Structure formats: C-alpha cells, structure tokens
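S.K.: here are the coordinates; sequence isn't available:
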C-alpha cells in the first residue's frame, strides 16, 4: 500500500500543503499576510483563481522562501 500522499492536483493545493507542513491555519496566514480569509480560501481551493504576485510574495515571505521557489517546486512536482 502506498503511504505517500498524492501530489497536489493544482497550485493552490501545493501552497496549502506548505501551510500544513508549518502548522499554520488559513486564519494564521490571512492575519500574517493581510490577504482576506475568504480570498485566501478561494485561491487555495480553485484551479482557476490565481494568486496575484503580491499575494504569493507575502505568502512566500511567511514561509521563509520566495515566490519563485514555490512556483518552481510546483512545476517540478507536476
């Protein structure tokens, strides 16, 4: 039986997985980045709603990485 989690299907899922790895809730991320909770939730759950560069940059800063690294990691997993 495969115990490895399946790779994220879309970019928002990959970003959400990074929050989970850090023990962050959506509220934590919203409060720290200034991205409204409803906007953050929509961006993470929808394949068609893309993060703005500003949003992704703030999230990356919170996670201690760069927006480019998040995108590169996602493309590498696809």
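M.R.: Ah, there it is. Being a predicted model, the structure only gives us computed values, none of them experimental.

S.K.: Please, which helix or strand holds residue 15?
M.R.: In this structure, residue 15 sits in helix 11-21 according to DSSP states H and E.

S.K.: Give me the buried positions along that helix.
M.R.: Going by neighbour count (16 or more other CB atoms under 10 Å), the buried part of helix 11-21 is 11-12, 14-16, 18-19. No exception for glycine: its C-beta is placed from N, CA and C like everyone else's.

S.K.: ok, residue 65 to residue 47 distance?
M.R.: 22 Å (CB to CB, to the nearest Å).

S.K.: So between those two, which is more surrounded?
M.R.: residue 65 (14 against 10; other CB atoms under 10 Å).

S.K.: what's the residue minimising distance to the centre of the chain in contact with, if anything?
M.R.: In the chain, the residue lying closest to the centroid (CA atoms, centre = their mean) is residue 15, at 1.8 Å. Residue 15 makes contacts with 43-44, 51, 56, 59, 70, as judged by CB atoms under 8 Å, 6 or more residues apart in numbering.

S.K.: Setting aside sequence neighbours, what's the nearest residue to residue 46?
M.R.: residue 12 (6.6 Å; CB to CB, 6 or more residues apart in numbering).

S.K.: about what we covered before: now render the buried residues of helix 11-21 as a markdown table, adding pLDDT and distance to residue 75.
M.R.: Compiled in a markdown table, the buried residues of helix 11-21 are given as follows (pLDDT from 0 to 100; distance: CB to CB, whole Å):
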| residue | pLDDT | distance to residue 75 |
| --- | --- | --- |
| 11 | 91 | 9 |
| 12 | 92 | 15 |
| 14 | 90 | 10 |
| 15 | 94 | 13 |
| 16 | 94 | 17 |
| 18 | 94 | 15 |
| 19 | 95 | 19 |
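
S.K.: how about the helices of this structure, start to end?
M.R.: 11-21, 26-33, 37-45, 53-63, 67-77 (DSSP state H).

S.K.: what about residue 12, distance to residue 66?
M.R.: Residue 12 is 18 Å from residue 66, by CB to CB.

S.K.: Give me the residue ranges of this protein where confidence is low.
M.R.: Across the chain, the ranges flagged by pLDDT under 70 are 1-8, 78.
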